[in-house]
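*Asks:* No letters, just coordinates:
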């Protein structure tokens, strides 16, 4: 099977992620929060590194329960900072908690985080390949930063939008590539 050039075919976890999850539209708030936190931990690292620690992140972050994460205090920050099974960058850990708080405010304002994202896309799916940023990711990144989020630069947001299925980016040589893309959600 031909896959996107970024997919390490020797890593079963990566292959499963590519084949069954990446780019598949999924917009429930828990998943959107999980992917936002994981993508923010990717900054400066590879997605494969983060993906390999995903199960440990789920455990450490209480299965990405929004209210639980928003209530994290210094004891939990210390616990996360000492957890050898996740990425222990204190700035990213603190940012993840602040981002969860901003996520909750956005959810309260719009009804869901996906409804917030839809204001930028009119609910349309974007199909494009071989990019790492776009005008869309620039705008969302800028807005999230204004709302207090950190580690949400345009490249991270672009990867996030690809992961959750708003931007469809399978390589043209990948068996999962389809065209034309006229999905609306």
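*Replies:* Looks like it came in fine. As the structure is a prediction and not an experimental result, all values here were calculated from the model. Numbers count the residues shown, from 1 in each chain.

*Asks:* lowest-confidence helix or strand of this structure?
*Replies:* In the chain, no helix or strand scores lower on mean pLDDT, DSSP states H and E than strand 126-127, which sits at a mean of 90.

*Asks:* what distance separates it from the middle of the whole chain?
*Replies:* Centroid separation for strand 126-127 versus its chain: 17 Å, with CA atoms, centre = their mean, to the nearest Å.

*Asks:* That strand - which strands sit beside it in the sheet, and in what orientation?
*Replies:* Paired neighbours of strand 126-127 in the sheet (DSSP bridges): strand 167-168 (parallel).

*Asks:* Could I get the average pLDDT for the strand it pairs with?
*Replies:* Across strand 167-168, pLDDT averages out at 94.

*Asks:* Can you tell me what sits against it?
*Replies:* With CB atoms under 8 Å, 6 or more residues apart in numbering as the test, strand 167-168 has contacts from 23, 125-128, 134, 136, 158, 161-162, 178, 181, 183. (Each C-beta comes from the backbone N, C-alpha and C, glycine too.)

*Asks:* returning to that earlier point: I'd like the next helix or strand past the least confident helix or strand of the chain.
*Replies:* Next helix or strand after strand 126-127 toward the C-terminus (DSSP states H and E): helix 135-146.
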